[in-house]
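**Q** I would like the atomic coordinates for the input below:
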Amino acid sequence: MKNVYMAQMSLELPGSNYYYYPYSVGVVWAYATTQPGIVENYSLGGLYSVKEPIEQLVDRMVDPAVVGLSSYVWNVSYNQALAKAIKARYPDCKMIIGGAETPNKSENFFADKPYVDYLIHQEGEMSFTGLLQSFVGIKDEETVPGISINRNGKTLMTGPSQRIMDLSEVPSPYTMGLFDHLDEMYPGKIWNAVIETNRGCPFMCTFCDWGGTTFSKVKKFGLERIEEELEWMGQRRIEMVTNTDANFGIFKDRDMEITDMLIRTKEKHGFPVLFDTNWSKNATVQLVDMAVKLMESDMMRRFTMALQSTNPEVLKHIKRVNLKEEAMTKVAETAFKNNMSVNTELIIGLPGETWESWTAGLCDLLSRDIIVEAYPVTILQNSEMNEPEYKEKHGITQATLKSYFSNIIDEYQETLTGTKDLPEEQMKKLWLWTWYTSMMDANGFTQVVTRYLNKRHNVPFEKFYEYLLDYGLNNEDTAAHKWLKKWQGYGEKLEFNMFLAGLTYAPVLEDLGVTNRTQTYQDLLTVAQHFAPDDPLLVDVMIMQERQQTIFAHEPTTEITLGANVFEYALGKEDLKIQPTDYRIHRAYPPKGTDPTWVVWYNSTRKNKKWQASVEYSTEKTTLFLEKG
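**A** Take a look at the predicted model:
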């Protein structure tokens, strides 16, 4: 029997102990076992998912005949180093690399990579199986579709990939037991599961390789298979299930049934705890119904309308069609009525974007209470944006940057650094502005004051945040100064991937929100007074701003008297009434049974605002607990 080894190195976040099961290579092997000549000739020696020292991983292998590696932006360099080391020790081993970041245009790939024998393009199941069959004489490798063959450094391509027509032919790697050994192999790791309920994407966005990689027609896995996988995950107490569908909710009735399966599984086992997904690009009210069910079961990680940009010119350039304004508003309003927060994802610096269009678009979303997460443009290997003609047309500049996801071996990614509409020098400051603005809004530092200033004094959000940024950069005694200067340095070095939200700015959040909290809010008051120097209610606004952002030092219930109903006025619920107003504020708490640090809690709740205190009018005369001024 010939030993086959496969690896799909998991996405790793610095400081995190969470890893993903190697689903992609697992499903490729699962399919192979159903085809002629495989189980008679091959044995699966091991599946790997955690980066470890290269030689240590090679030591785990016993006489490998075939090794298959799945590549994406966080493991391309690691895979190539691993392939090189395996080939050096086992020169007769057939080395195969596939995955979404494997270049479809592979003419020069093998010239400096003699240690790689084959590339698999697009869907991998049929091509990988065909190669295995060719190694034992069942097929001629040149008849296997969708591969590139190394012929002494030259590339022989065998034509377009073939797609599996019936996904019922693909067994589940979970229920086959392919991942059962990983707990023992990697003790102490916490495993998240990936689930695939359909495959394909009907959209052809120029920044993405999804539609081109999986073809545009969407194919479905059987509901029985999905239910069995969820049962497996529940029994093994998997905390989070990440759905890899490009558009969950696109099949309304079917995906609602899958939603019900998830909830039943949690009710039965207590797991999975969370479900994360790529919601359908065409968000609908029915989509909100699914999200509400997940929210009520405390399973929903986020509800996202993935807009990428709000600029019609940008959308045209990237071949993207967003929801119409009326539909987007209706979806958001429906979500809010169900006490559910709404997220959106934007990509900064897409062709056609300008400073003005970006800042105005992002702030318009913030003004609607939509949580914004922004990401740099990673120019993916097989995306239309990587085509020379496209780059020339839009004046795209790019840089090869060390990836935030580097571990053991440094990873690199091609990052867009400018366009003809947004040159590099502007992009540097825009990234800093975006990072700071998004962090301050999503984590509860600025929603009340920005809305109050906008409504009463006609101060645009974007002007407030631009002045806030400049004030912090130019004044060394502000709480944010050292952080802004540090992150300004990242911008100067074009290290835009360092602006990712979450763990990246955890120390910043801790410093501004806890350690130097008093200075942070004094700085915010000073900036607010720049726009409205004669407004005595700004002090009351800042008191409410600070109280509604829960910290663990707050009392369970705080009662305050302010000079007006500034909270309801700022949020657009009532007209301003300048008279003594009594408030009762109940701090928020982490879920029962958990004991996170404040910053970990905030990172985990920034997408659903569960950090936000509950504010209500007090019917009794109260005492002012906070000093004004």
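**Q** is it fair to say residue 413 lies in a strand?
**A** Yes. Residue 413 forms part of a strand when assessed by DSSP: H, G, I helix; E, B strand; the rest coil.
**Q** since we're on the residue nearest to residue 311 when sequence neighbours are not counted, how many residues are nearby?
**A** Excluding the flanking residues, the one nearest residue 311 by C-beta to C-beta, 6 or more residues apart in numbering is residue 357, at 4.4 Å. Quick note: C-beta positions are derived from backbone N, CA and C, even for glycine. Neighbours of residue 357 under the rule other C-beta atoms under 10 Å: 18.
**Q** can you tell me which residues contact residue 357?
**A** Residues near residue 357 by C-beta atoms under 8 Å, 6 or more residues apart in numbering: 309, 310, 311, 313, 314.
**Q** Show me which pair in the residues you listed is furthest apart.
**A** 310 and 313 (10.6 Å; C-beta to C-beta).
**Q** so how far is residue 58 from residue 84?
**A** 10 Å (C-beta to C-beta, to the nearest Å).
**Q** My error: substitute residue 148 in the last question.
**A** For residue 148 relative to residue 58 (C-beta to C-beta), the value is 24 Å.
**Q** Give me the more crowded residue out of the two.
**A** Just comparing residue 148 and residue 58: by other C-beta under 10 Å the higher neighbour count belongs to residue 148, 24 against 17.
**Q** Relative to whichever strand or helix holds that one, what are the paired strands and their orientations?
**A** Using DSSP states H and E, residue 148 maps to strand 147-151. Strand 147-151 sits in its sheet next to strand 118-120 (antiparallel), strand 154-157 (antiparallel), going by DSSP bridges.
**Q** That strand: which residues count as buried?
**A** For strand 147-151, burial by neighbour count (16 or more other C-beta atoms under 10 Å) applies to 147, 148, 149, 150.
**Q** Identify, from those residues, the entry nearest to residue 346.
**A** For the buried residues of strand 147-151, the nearest to residue 346 is residue 148 (35.4 Å; C-beta to C-beta).
**Q** right, and the closest one touches residue 155 too?
**A** Yes. Counting by C-beta atoms under 8 Å, residue 148 does reach residue 155; the two are 5.2 Å apart.
**Q** Now the common contact residues for these two.
**A** Joint contacts of residue 148 and residue 155 (C-beta under 8 Å, 6+ apart) are 106, 109, 110.
**Q** What about the last one, how many residues nearby?
**A** Using other C-beta under 10 Å, residue 110 has 22 other residues around it.
**Q** which residues does the nearest residue to it once chain neighbours are set aside bridge with?
**A** Closest residue to residue 110 apart from its sequence neighbours, by C-beta to C-beta, 6+ apart: residue 150 at 4.2 Å. Counting by DSSP bridges, residue 150 forms beta bridges with residue 155.
**Q** residues in contact with residue 150?
**A** With C-beta under 8 Å, 6+ apart, residue 150 has these contacts: 110, 114, 116, 117, 118.
**Q** which among those residues end up buried?
**A** 110, 116, 117, 118.
**Q** Turn the residues you listed into CSV, columns for distance to residue 35.
**A** Below are these laid out as CSV (distance: C-beta to C-beta, whole Å):
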residue, distance to residue 35
110, 27
116, 24
117, 20
118, 17
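**Q** pLDDT value on the residue nearest to residue 145 when sequence neighbours are not counted, please?
**A** Leaving aside its sequence neighbours, residue 145 sits nearest to residue 162 (C-beta to C-beta, 6+ apart; 4.5 Å). pLDDT, residue 162: 86.
**Q** Next one: residue 162 from residue 147, what distance?
**A** For residue 162, the distance to residue 147 - C-beta to C-beta - is 11 Å.
**Q** do the same with residue 582
**A** Distance, residue 582 to residue 147, by C-beta to C-beta: 72 Å.
**Q** got it, and residue 12?
**A** Going from residue 12 to residue 147 by C-beta to C-beta gives 29 Å.
**Q** And for residue 552?
**A** Taken as C-beta to C-beta, the span from residue 552 to residue 147 is 56 Å.
**Q** Show me which positions of the helix or strand residue 24 falls within end up buried.
**A** Per DSSP H and E: residue 24 is located in helix 23-32. Neighbour-count burial for helix 23-32, counted by 16+ other C-beta under 10 Å, picks out 23, 24, 25, 26, 27, 28, 29, 30, 31, 32.
**Q** which one among those gets closest to residue 453?
**A** residue 23 (47.7 Å).
**Q** Low-confidence regions, this protein specifically.
**A** Along the chain, the model assigns pLDDT under 70 to residues 14, 210-216, 282-284, 321-328, 501-504, 620-629.
**Q** do that again at 50, thanks
**A** 212-214, 621-629 (pLDDT under 50).
**Q** tell me how far the ends of stretch 195-209 are from each other?
**A** 19 Å (C-alpha to C-alpha, to the nearest Å).
**Q** Residue 241 is nearest to which of the strands paired with strand 147-151?
**A** Each of these has some distance to residue 241 by C-beta to C-beta; the shortest is strand 118-120, at 26.6 Å.
**Q** chain center to the closest one: distance?
**A** 28 Å (C-alpha atoms, centre = their mean, to the nearest Å).
**Q** Heading C-terminal from that strand, find the next helix or strand.
**A** Next element after strand 118-120 (DSSP H and E): helix 125-135.
**Q** tell me the angle of that next one relative to helix 23-32?
**A** Per axes from the mean of the first three to the mean of the last three C-alpha atoms, to 10 degrees, the angle that helix 125-135 makes with helix 23-32 is 60 degrees.
**Q** Tell me which entries of the buried ones among the contacts of residue 150 lie within strands.
**A** Mapping the buried ones among the contacts of residue 150 onto strands (DSSP state E) picks out residue 118.
**Q** Nearest to residue 516, out of the buried ones among the contacts of residue 150: which one, please.
**A** For those, the nearest to residue 516 is residue 116 (51.4 Å; C-beta to C-beta).
**Q** Skipping adjacent residues, who's closest to that closest one in space?
**A** Distances taken as C-beta to C-beta, 6+ apart place residue 95 nearest to residue 116, at 5.2 Å, with adjacent residues excluded.
**Q** Wait, that neighbour touches residue 86, no?
**A** Yes. Contact criterion C-beta under 8 Å: residue 95 and residue 86 qualify, at 6.6 Å.
**Q** Spell out the residue ranges of the strands in the stretch 251-400 of the chain.
**A** 274-276, 304-308, 342-347, 370-375, 397-402 (DSSP state E, counting those that start in this stretch).
**Q** And residue 310 and residue 313? Which one has more around it.
**A** residue 310 (20 against 14).
**Q** Was I right to think the more buried one contacts residue 359?
**A** No. If you go by C-beta under 8 Å, residue 310 and residue 359 don't touch, sitting 11.0 Å apart.
**Q** Quick check: end-to-end length of stretch 244-263?
**A** By C-alpha to C-alpha, the extent of stretch 244-263 from end to end equals 18 Å.
**Q** what's the answer for stretch 588-599, then?
**A** Distance across stretch 588-599, first residue to last, is 14 Å (C-alpha to C-alpha).
**Q** Give the buried residues for it.
**A** For stretch 588-599, using 16+ other C-beta under 10 Å, the buried residues are 588, 590, 598, 599.
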